[in-house]
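Asker: got a structure for you, letters missing:
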């Protein structure tokens with residue numbers, strides 16, 4: 001009998017407005033590669049159920065297509081201090097490894113986010129990472145790393 005080890009894989013990243021068809025296809029392929037189960041481990045997706053779509057939702061859909069369990073932490077509200085931050089901490093604490101999937105640049109025709117902002121780089125992880133546009137997923141993955149968990153950035 002082969003013993004099974006559980007891998008709790010956090011996958012977070014950009015919201016849906018940062019993707020267009022080619023970058024979404026690449027993100028989904030990468031998610032399937034990260035989550036691909038094998039005979040020696042049970043893989044569980046950990047994510048945040050982003051209300052704006054994107055990586056969180058791509059990951060949920062791909063996990064479902066692979067027959068994997070999910071552990072989804074949705075924010076209680078859409079505010080940083082009482083919604084997103086506690087949700088992101090839950091993701092970081094629950095996972096055994098954390099992956100952030102982000103795009104290097106805005107999609108064609110993108111102007112600003114829903115707050116009228118556009119950032120040239122990510123201020124959450126601007127410490128030697130390959131440049132990419134801002135993502136709250138970086139905050140979550142950095143938090144997991146500060147808890148000693150393996151962290152990975154995937155820039156599309």
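Answerer: Sure, I can see it. Because the structure is predicted, anything quoted here is derived from the model rather than measured. Numbering: from 1, shown residues only.

Asker: name the helix or strand for residue 101, please.
Answerer: Following DSSP states H and E, one finds residue 101 within strand 97-102.

Asker: contacts for that strand, please.
Answerer: 7-14, 18, 27, 30-31, 34, 55, 91-92, 122, 125, 132-133, 135, 137-138, 140-141, 144-145, 149-156 (CB atoms under 8 Å, 6 or more residues apart in numbering). Backbone N, C-alpha and C define where each C-beta goes, glycine included.

Asker: mean confidence for it?
Answerer: Averaged over strand 97-102, pLDDT sits at 96.

Asker: what's the first helix or strand after the helix or strand of the chain with the lowest mean pLDDT?
Answerer: Sorted by mean pLDDT, DSSP states H and E, the helices and strands of the chain end with helix 136-146, the least confident at a mean of 91. The helix or strand immediately downstream of helix 136-146 is strand 151-155, counting by DSSP H and E.

Asker: packing partners of the longest helix along the chain?
Answerer: For the chain, the helix with the greatest residue count under DSSP state H is helix 21-35. Helices and strands touching helix 21-35, by 3 or more CB pairs under 8 Å, 6 or more residues apart in numbering; DSSP states H and E, are strand 5-13, helix 55-65, strand 97-102.

Asker: that helix: how far from the chain's middle?
Answerer: Relative to the mean C-alpha coordinate of its chain, helix 21-35 is positioned 12 Å out (CA atoms, centre = their mean, to the nearest Å).

Asker: repeat for stretch 37-55
Answerer: Worked out by CA atoms, centre = their mean, stretch 37-55 lies 9 Å from the chain centre.

Asker: for stretch 12-31, same thing?
Answerer: On CA atoms, centre = their mean, the centre of stretch 12-31 falls 10 Å from the chain's centre.

Asker: hmm, residue 87 and residue 139 touching each other?
Answerer: No: under the criterion of CB atoms under 8 Å, residue 139 makes no contact with residue 87, lying 11.0 Å away.

Asker: sorry, back to before: of the contacts of strand 97-102, grab the buried ones for ChimeraX.
Answerer: Selection of buried members from the contacts of strand 97-102 for ChimeraX, criterion 16 or more other CB atoms under 10 Å:
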select :7,8,9,10,11,12,13,14,18,27,30,31,34,55,91,92,122,125,132,133,135,137,138,140,141,144,145,149,151,153,154,155,156
